[in-house]
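In: the following comprises the amino acid sequence and a computationally predicted model.
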2 protein chains.
Amino acid sequence: MTDTSLTPDRILDTTEQVLRRFGPEKATVVDVARALDVSHGSIYRHFPSKAALRDAVAERWLHRVASPLQAIAAADGLADARLRRWLEALIALKRQKVRGDPEMFATYVALAHDSQGAVERHVAELLGQIKAIVDAGCADGVFLVADAAAAARAVFQATARFHHPAHAAEWNDPDIDRDFEAVWHLVLAGLKGGAG
Amino acid sequence: MTDTSLTPDRILDTTEQVLRRFGPEKATVVDVARALDVSHGSIYRHFPSKAALRDAVAERWLHRVASPLQAIAAADGLADARLRRWLEALIALKRQKVRGDPEMFATYVALAHDSQGAVERHVAELLGQIKAIVDAGCADGVFLVADAAAAARAVFQATARFHHPAHAAEWNDPDIDRDFEAVWHLVLAGLKGGAG
DNA sequence: CAGATGACAGATTTCAATATCTGTCATTTC
DNA sequence: GAAATGACAGATATTGAAATCTGTCATCTG
């Protein structure tokens, strides 16, 4: 029954395979149906449109990024070290994905671009994780900020060059790690409240 | 003679008009020649290739951004206020260009994307201007940084969301000014050396 | 009767023939 | 004779007819 019954998860798995093989431009609902050996009409029983199917693929991919970071955000230890580890993990995840399979990375970026809602939820989730670290840091006196949510956004945005897919081409720059170090220094100083 | 003789500047002016009318995909060297009422072979007397012509257009556009900022970087007054004014001017220039004529902005971004060398020189020029402000700030004791060039890069990169064309779509966000304020706070604290 | 099918209309994409463009250069113009 | 021309070869883009795709739904199947 497991490999014969058509479920959303099975459709999503197959859609990823089809996207990997044909790319986001060429992949069609008919291709997915063919790969599953069902009629394309059956896909529409589980997803109302091709766009909804792509949204779901994007959402799952974004969740695979946010999920491992959640563990870091919720860990023990000093908030400044934890924030550093969290950012390094986010950056490493993204770089790993783009280096491991650049075409698939581009595919997922294209999907995400069309699924603005999924991206917004994803960013909100990441901001929530940063805010949790900042809150903890304030409680411990490691950080000193008036508005933790605003500080979380500032940290995320100031480091955009190192994790935002629009900057992926710059991640090959040999100076990228040194650049991150310099930005991290500014960010950390700001969170510690060095200049009220 | 002035309006009959074919000069690089006249070709560049006309190329901009043609790009404005047809966009970067459709504009051809033949279109430029037609607009100038010369044969397209004559264009190749002044520019070795279509790519070189587009490079020159990009370079001129980028210079129009860097030029007014130079005055701010070289002005008197406290370095922190000057850096703030410089960043605000850079951001205002970019926003003005994208709001005033979004299609032409996209055109120039496409040209710049193909003229990596021109972009690198432009960024180096901007980094030089920031470094001059940071150097002045260090001399006055307003800033405290070990490596002014590294600090300049960090300032530029941490604020990328507010001036890098890849983020242009986000400039319509109603919270964009508040976001810049938060990032500016982090950056300023870092430059003042609050957290050694 | 829940779930799958496949034929269908309208929209989108493909493909190959046709036209245009880029860059060169021997010839022409002033 | 310096500057401009226009014909040319090979590369690129356009076009319109044919094929395919999306989304729907009446029908079928177990």
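Out: The structure has been received and is ready for your questions. Note that the coordinates shown come from a computational prediction; the quantities given were computed from them, not determined experimentally.
In: residue A:72: neighbour count?
Out: Other residues within reach of residue A:72, judged by other Cβ atoms under 10 Å in any protein chain shown, total 18. C-betas here are computed from N, CA, C, even on glycine.
In: so how far is residue A:75 from the spatially closest residue to it that is not a sequence neighbour?
Out: Distance criterion Cβ to Cβ, 6 or more residues apart in numbering or on different chains; nearest residue to residue A:72, sequence neighbours excluded, is residue A:86 at 4.8 Å. According to Cβ to Cβ, to the nearest Å, residue A:86 stands 9 Å off from residue A:75.
In: what's the neighbour count on residue A:189?
Out: Around residue A:189 there are 22 residues (other Cβ under 10 Å).
In: one step back: quick one: residues contacting the residue nearest to residue A:72.
Out: A:69, A:72-73, A:129-130, A:133 (Cβ atoms under 8 Å, 6 or more residues apart in numbering or on different chains).
In: what of residue A:190?
Out: By Cβ under 8 Å, 6+ apart, residue A:190 lies in contact with A:151, A:154, B:185-190, B:194.
In: cutoff 6 Å now
Out: Residues counted as contacts of residue A:190 (Cβ atoms under 6 Å, 6 or more residues apart in numbering or on different chains) are B:185-186, B:189.
In: mind putting the contacts of residue A:86 into TSV with distance to residue A:22 and pLDDT?
Out: Below are the contacts of residue A:86 laid out as TSV (distance: Cβ to Cβ, whole Å; pLDDT from 0 to 100):
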residue	distance to residue A:22	pLDDT
A:69	30	98
A:72	35	98
A:73	36	98
A:129	34	98
A:130	36	98
A:133	40	98
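In: between these, which sits nearest chain B?
Out: Nearest to chain B, judged by Cβ to the nearest Cβ, of those is residue A:130 at 12.3 Å.
In: in contact with the closest one, which residues?
Out: Taking Cβ under 6 Å, 6+ apart, one finds A:152, A:155 in contact with residue A:130.
In: what residues does chain A put near DNA strand C?
Out: Contact residues (Cβ under 7 Å from any atom of the strand) of chain A with DNA strand C: A:5-6, A:25-26, A:38-42, A:45.
In: which pair of these spans the longest distance?
Out: Maximum pairwise distance among the residues of chain A next to DNA strand C (Cβ to Cβ): 30.6 Å, between A:5 and A:25.
In: quickly note the distance from residue A:157 to residue A:151.
Out: Per Cβ to Cβ, residue A:157 is found 11 Å from residue A:151.
In: what sits closest to residue A:8 if chain neighbours are left out?
Out: In space, residue A:8 is closest to residue A:46, 5.1 Å off (Cβ to Cβ, 6+ apart).
In: revised request: answer the last question for residue A:97.
Out: Excluding the flanking residues, the one nearest residue A:97 by Cβ to Cβ, 6+ apart is residue A:105, at 5.2 Å.
In: doesn't residue A:15 make contact with residue A:57?
Out: Yes. Assessed by Cβ atoms under 6 Å, residue A:57 is found in contact with residue A:15 at 5.5 Å.
In: stretch A:166-174 vs chain B: in contact?
Out: Yes. Judged by Cβ under 6 Å from any Cβ of the partner chain, stretch A:166-174 and chain B are in contact via residue A:166.
In: contacting residues for residue A:50?
Out: Counted by Cβ under 6 Å, 6+ apart, residue A:50 has contacts residue A:29.
In: separation between it and chain B?
Out: From residue A:50 over to chain B the distance is 23 Å, taken as Cβ to the nearest Cβ, to the nearest Å.
In: per-residue pLDDT, that residue?
Out: According to the prediction, residue A:50 has pLDDT 97.
In: over to residue A:3?
Out: Reported pLDDT for residue A:3: 60.
In: what is the neighbour count of residue A:65?
Out: Other residues within reach of residue A:65, judged by other Cβ under 10 Å, total 18.
In: run through the residues that contact it.
Out: Neighbours of residue A:65 in contact, by Cβ under 6 Å, 6+ apart: residue A:93.
In: secondary structure element for it?
Out: Using DSSP states H and E, residue A:65 sits within helix A:50-73.
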